[in-house]
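Below are the sequence and a predicted model; questions follow.
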Amino acid sequence: MKNKPPVGFIGLGIMGMAMAKNAKKAGYEVSVFNRSEPRRREAEKAGLRVVSSASALADVSDALIVMVTDPSAVRDVLTGHQGLLRANVAGKTLIQTSTLDEPSTLEFAKEAHAKKMFFLDCPVTGSKKQVEEAALILLAGGDDALIEKWKPFLLSMGKSIVHAGDIGKGTALKLCMNLIVAQMTTALCESVALAKAQNLAPKKIFDVLAQSPALGCGYFKIKEKALLEQQFAPAFSLRNMLKDVRFMDQAGKNHRLPLPVTQAVRFLMEAAVTDGYGDEDLTSVIKVLRPSTNPSV
Ligand code: NAP
């Protein structure tokens, strides 16, 4: 593709805003739409062209990235009032990057195809830091030629693309990756909670991790500050991770595969969301790991 085509972004949260900025930095003509006003204003300040609806965005873009919360948010932006699929989208490409479950992804692909729109299932791995550095790993499900066509655009937001298989398999792979993230997070939080219960400084855990080639890893390093300094501003919200853990749990059930640790993680995250920590970083699960006041526990 010689000339860069016009592209659009729907959903300007932690991920979508940074992706749109990176595409603009790479020279794309970027237009954006966000449901609510504050993020639209922020986008304007960043020099992005803001349009008034998802369908208006479809009118001016050849490829449209959707990066919103969950299947019901994708439903709203596709077929809700002034939704994307209400525009003339024939020949355009929908790149669905929100983390969903596989059945919803297949359903949205079917609806896009019915409007003669191309569809790429393309969730991403990486969080706030990686998206800001255009270092995401894109997990693509769909046609080879379509991925190839949009590769330069996708790589304006990330460092590599893994082709997982057909539509739906990008999403399936994303849930496998987030299963690891969810369990690493809760493992680290339980470890810190156990250190505190034993009157041991949690910093010692990170000192050991830093010296261990096997156990020390980038993810634990990223979460060190949050846990030691109790800073829970979201890089990835607990509510969004709980959504994904529920999708994993359901995917396991659909395939008659027990996922006992994922279920335990789910209960822990549900307790933390019930206690009001859903909009904080997922490390805030540590707040529900407190010694019990019940002497029989
Ligand atoms: P976020 O900061 O909470 O942003 C969510 C976005 O979705 C906002 O733009 C929000 O618009 C929009 N939205 C929510 N419900 C909507 C609806 N009904 N109609 C229209 N727009 C709606 O979330 P995020 O962290 O960017 O995550 C976005 C997606 O990427 C999620 O699926 C998440 O699981 C996935 N993801 C996140 C990370 C991460 O580390 N943060 C990493 C990989 C993947 P408003 O401004 O109007 O609320």
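Structure's in. What do you need? Everything quoted here is computed from the prediction, not taken from an experiment.

tell me which residues in stretch 38-54 are buried?
Judged by neighbour count using 16 or more other CB atoms under 10 Å, the buried positions of stretch 38-54 are 39-40, 43, 46, 48-51, 53-54. For glycine as for every other residue, the C-beta is placed from the backbone atoms N, C-alpha and C.

among these, which one has the lowest pLDDT?
Lowest in pLDDT among these is residue 46, which has 94.

Filter the buried residues of stretch 38-54 to keep only those in contact with the ligand.
residue 39 (CB under 6 Å from any ligand atom).

Looking at the buried residues of stretch 38-54, which one is closest to the ligand?
residue 39 (4.4 Å; CB to the nearest ligand atom).

continuing past the helix or strand that closest one falls within, what's the next helix or strand?
Taking DSSP states H and E as the definition, one finds residue 39 inside helix 37-45. Using DSSP H and E, the next helix or strand after helix 37-45 towards the C-terminus is strand 49-50.

I'd like the next helix or strand past that next one.
Assigned by DSSP H and E, the successor of strand 49-50 is helix 54-60.

who's in contact with that following helix?
Residues outside helix 54-60 that contact it (CB atoms under 8 Å, 6 or more residues apart in numbering) are 6, 8-10, 31-33, 51, 64, 77-78, 80, 82-89, 92.

if we go to 6 Å?
Outside helix 54-60, the residues that touch it by CB atoms under 6 Å, 6 or more residues apart in numbering are 6, 8, 10, 31, 33, 51, 77, 82-84, 86-87, 89.

which of the residues in that helix are buried?
54-58.

three-state assignment of the closest residue to residue 27 other than its chain neighbours?
Counting by CB to CB, 6 or more residues apart in numbering, residue 4 is the residue found nearest to residue 27 once chain neighbours are left out, at 5.6 Å. Per DSSP: H, G, I helix; E, B strand; the rest coil, the secondary structure class of residue 4 is coil.

Now residue 4, what are its backbone angles?
Backbone geometry at residue 4, expressed as degrees, to the nearest 10, gives phi -80, psi 130.

if I read this right, residue 189 contacts residue 288, doesn't it?
No. Judged on CB atoms under 6 Å, residue 189 makes no contact with residue 288 at a distance of 9.2 Å.

which one of the two has more residues nearby?
residue 189 (23 against 17; other CB atoms under 10 Å).

To what extent is the closest residue to the more buried one other than its chain neighbours buried, counted in neighbours?
In space, and not counting its chain neighbours, residue 189 is closest to residue 286: 4.1 Å by CB to CB, 6+ apart. Residues lying near residue 286 (other CB under 10 Å) number 26.

Give me the pLDDT for residue 286.
So, for residue 286, pLDDT stands at 97.

what residues does this structure put near the ligand?
Going by CB under 6 Å from any ligand atom, the residues of the chain near the ligand are 11-16, 34-36, 39, 67-69, 73, 76-77, 98-99, 124, 127-128, 235-237, 240, 244.

what about burial for these, which qualify?
11-16, 34-35, 39, 67-69, 73, 76-77, 98-99, 124, 127-128, 235-237, 240, 244.
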